[in-house]
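**Q** My questions are about this predicted structure, shown below with the sequence.
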Amino acid sequence: MSALHTSACIYRPMTQADLPAAHGLSSQLDWPHRLEDWGLLHRVFKGFVATVDDRLIGTAFACPQGNFATIGLVVVNPDFQGQGIGRLLMELALDACQPGTPILNASVAGAPLYLSQGFVEFGTIEQRQGLARAVALEPLAEDEHLRALCEQDQVRQLALANAGSGLDRSALFAQLHDTIEHTAGIETDGQLQAFALLRRAGRGHCIGPVIAQNTRQARHLITTLLAQIPNQFVRIDVPMDSGLCEWLTLAGLEPVDRVTQMALGSPPQPNPLVRQFALVSQAIG
């Protein structure tokens, strides 16, 4: 798209040069994103900015993932809120989602805007964070084996990620591998069945995604990764119905926020044999 002028505000695609200003905007709102986190989103997403007199005052992202596209980081400087800037940024992101079905994770403040645009709710995500605490390692089944992931696992890892989320994670995982610090996988009869990733992000570390066949596997994977960063800050975003919420409190990860999963159409349909127990991030899904 070319730059769109509305009154004194200009809307255009985000460039690499915009990242420091975008990071400054999120810092102003006390959001935890690092400049490196913005860089990852810029590489994976289609980003848009709103500027006034060459000052960046708003952002929005759309990330095509197969038949769906996630929308995230729709942010407007508080001094410019209430002027319809967020709605126009959102419209640009929606256009960039086509032909995929748009999905997003809505805050309490953002939900009314998305409901007015026809989005429907399909789940709730709880944000948990704190200092990693050692918890007992839940035993695996006799035929299950825990190990770190290797490069040869990438094809199977992507297949599990796609099945667990109902999204096509190909473009995302091509960029995600360079951000990973620790991995944990569970295999049966030599085939990977579940995995979890620990990444540097935000104020410390992030665990996600966590893809597993059941809650027992998910707990084992998360416990394994937490043991890598004792007493360090970590965040994880989990579905409210994952069976993990109360258990995460034992690991020192307290609830700090909830967001609503929304879709502008039918939501993703994960494979019933595997599940995403933790998101990559709220912006990415």
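**A** Arrived safely.

**Q** The helix or strand that contains residue 40: how far from the chain's middle?
**A** Here residue 40 sits within helix 35-44, counting by DSSP states H and E. Here helix 35-44 is found 12 Å from its chain centre; the criterion is C-alpha atoms, centre = their mean, to the nearest Å.

**Q** List the contacts of that helix.
**A** Where contact means C-beta atoms under 8 Å, 6 or more residues apart in numbering, the residues beyond helix 35-44 that reach it are 14, 16, 19-20, 22-23, 26, 47, 61, 63, 72-73, 171-172, 175-176, 179, 200-202, 283-284. Backbone N, C-alpha and C define where each C-beta goes, glycine included.

**Q** Show me the shaky parts of the protein.
**A** Applying pLDDT under 70 to the chain picks out residues 1-7.

**Q** the domain parsing of it - what is it?
**A** According to automatic domain parsing, the chain comprises the domains 4-99, 127-258+269-278.

**Q** among the ones you listed, which is nearest residue 110?
**A** Closest approach to residue 110 among those (C-beta to C-beta): domain 4-99, 6.9 Å.

**Q** Mind jotting down where the helices sit in the stretch 151-285 of the chain?
**A** Assigned by DSSP state H, counting those that start in this stretch, the helices in the stretch 151-285 of the chain fall at 154-165, 170-176, 215-226, 245-250.

**Q** Tabulate those helices (TSV), appending distance to residue 111 and mean neighbour count.
**A** Output for the helices of the stretch 151-285 of the chain, formatted as TSV (distance: least, C-beta to C-beta, whole Å; neighbours: other C-beta atoms under 10 Å):
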stretch	distance to residue 111	mean neighbour count
helix 154-165	22	19
helix 170-176	25	16
helix 215-226	27	23
helix 245-250	21	16
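
**Q** Of all those, which one is nearest residue 266?
**A** Nearest of the helices of the stretch 151-285 of the chain (C-beta to C-beta): helix 154-165, 14.8 Å.

**Q** What segments of this protein are strands?
**A** Under the criterion DSSP state E, strands of the chain are mapped to 4-6, 9-13, 46-52, 55-65, 68-76, 101-106, 120-131, 144-147, 180-188, 191-201, 204-212, 233-239, 254-263, 275-278.

**Q** want to try JSON lines for the ones you listed, with mean neighbour count as columns?
**A** Converted to JSON lines, these look like this (neighbours: other C-beta atoms under 10 Å):
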{"stretch": "strand 4-6", "mean neighbour count": "12"}
{"stretch": "strand 9-13", "mean neighbour count": "17"}
{"stretch": "strand 46-52", "mean neighbour count": "22"}
{"stretch": "strand 55-65", "mean neighbour count": "23"}
{"stretch": "strand 68-76", "mean neighbour count": "25"}
{"stretch": "strand 101-106", "mean neighbour count": "23"}
{"stretch": "strand 120-131", "mean neighbour count": "17"}
{"stretch": "strand 144-147", "mean neighbour count": "15"}
{"stretch": "strand 180-188", "mean neighbour count": "19"}
{"stretch": "strand 191-201", "mean neighbour count": "22"}
{"stretch": "strand 204-212", "mean neighbour count": "25"}
{"stretch": "strand 233-239", "mean neighbour count": "23"}
{"stretch": "strand 254-263", "mean neighbour count": "17"}
{"stretch": "strand 275-278", "mean neighbour count": "26"}
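
**Q** Which among these is found nearest to residue 95?
**A** Nearest of the strands of the chain to residue 95, taken as C-beta to C-beta: strand 55-65 at 8.2 Å.

**Q** buried residues in the helix holding residue 40?
**A** Neighbour counts using 16 or more other C-beta atoms under 10 Å place 37-42, 44 of helix 35-44 among the buried residues.

**Q** tilt between it and strand 55-65?
**A** 50 degrees (axes from the mean of the first three to the mean of the last three C-alpha atoms, to 10 degrees).

**Q** With distance to residue 277 as extra columns, can I get the helices of the stretch 151-285 of the chain in TSV?
**A** Listed next are the helices of the stretch 151-285 of the chain as TSV, based on distance: least, C-beta to C-beta, whole Å:
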stretch	distance to residue 277
helix 154-165	8
helix 170-176	17
helix 215-226	4
helix 245-250	11
